[in-house]
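**Student:** Build the 3D model from these lines:
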Amino acid sequence: MTWGDAAATEGLAATLPAGSRAQARELSELSNRYAEEGRWQEGLAATEQAETILRGLPALCREHREDLAALLTHLSNRLGDLARPVDALGPAREAVLIFRELADGEPTPDVALSLNNLSIWLSEAGRRAEALIAAHEATEIYRFCVTRDRRYRPQLAAALNNLSYRLAESALPVRAEQVIAEAVGVRRDLVRMSPRQHAADLASSLNN
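**Tutor:** Modelled structure (predicted):
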């Protein structure tokens, strides 16, 4: 990722119709590019601009609400990047709420992803019991998703990794070791299938 990449995305966002869904989505992408470059404040500003656009659209249809929930996850991460975990909780919680509503009670990957993200910021904010609950639910949803589609195994491994951290900080080291061992097992299988794509993730679990 280079500064030129962010500049190109910034330029594209400026050419799109002002206040449109397309512009909001490009601003969300711009936020991620800024974050990858360590430009935290600019990333936050881009996300907040996109949020204003999405909330101002005449009618929030399903697609718009999906965009808003995904954007709120990005917003929580940008606030977390700036060492503002308490501020990150609001958008992270709202993202979970919207994805739950869209799922209509089904255990979907989007719900799991937003819960996993929420658990991280709950932990950073010192709310460890709540963080553990969210991490556990995210993991169980991904387990269910894997029974339907094995392509979700990388996400399950990431959720297990996160859950092991939450267990360790909740003074449950034995359970944390069991969970990280499971994550390692899943990632070993993934590495056998695609070494380049998953080797770094396996190393991360082994060092946990």
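**Student:** As a check, name the ranges of all strands in this protein.
**Tutor:** Using DSSP state E, no strands are found in the chain.
**Student:** Return the distance of the residue nearest to the spatial centre of it relative to Ala69.
**Tutor:** Central residue of the chain (C-alpha atoms, centre = their mean): Asn117, 4.7 Å from the mean position. According to C-beta to C-beta, to the nearest Å, Asn117 and Ala69 sit 11 Å apart. (C-beta placed from N, C-alpha, C; glycine too.)
**Student:** shared neighbours of those two, anything?
**Tutor:** Counting by C-beta atoms under 8 Å, 6 or more residues apart in numbering, the shared contacts of Asn117 and Ala69 are Ala95.
**Student:** Kindly provide the distance from the residue nearest to Asp110 when sequence neighbours are not counted to Leu167.
**Tutor:** Of all residues not flanking Asp110 in the chain, Phe99 sits nearest, at 4.4 Å (C-beta to C-beta, 6 or more residues apart in numbering). From Phe99 across to Leu167, the span is 24 Å (C-beta to C-beta).
**Student:** Report the buried residues of stretch 150-157.
**Tutor:** Neighbour counts over stretch 150-157 (16 or more other C-beta atoms under 10 Å) mark Tyr152, Arg153, Pro154, Gln155, Leu156, Ala157 as buried.
**Student:** Please convert those residues to TSV, extending it with pLDDT.
**Tutor:** Converted to TSV, the buried residues of stretch 150-157 look like this (pLDDT from 0 to 100):
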residue	pLDDT
Tyr152	96
Arg153	95
Pro154	95
Gln155	96
Leu156	97
Ala157	96
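**Student:** Please list the members of the residues you listed that lie in helices.
**Tutor:** Residues of these located in helices (DSSP state H): Arg153, Pro154, Gln155, Leu156, Ala157.
**Student:** Would you convert those residues into CSV that also reports distance to Ala88?
**Tutor:** Listed next are these as CSV, based on distance: C-beta to C-beta, whole Å:
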residue, distance to Ala88
Arg153, 28
Pro154, 24
Gln155, 21
Leu156, 24
Ala157, 24
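**Student:** Kindly indicate which of the residues you listed lies nearest Leu89.
**Tutor:** Nearest to Leu89 among those: Gln155, at 22.2 Å, using C-beta to C-beta.
**Student:** Run through the residues that contact the closest residue to Ala183 other than its chain neighbours.
**Tutor:** Ranked by C-beta to C-beta, 6+ apart and with sequence neighbours excluded, the top spatial neighbour of Ala183 is Leu160, at 3.7 Å. Listed by C-beta under 8 Å, 6+ apart, the contact set of Leu160 reads Thr139, Val179, Ile180, Glu182, Ala183, Val186.
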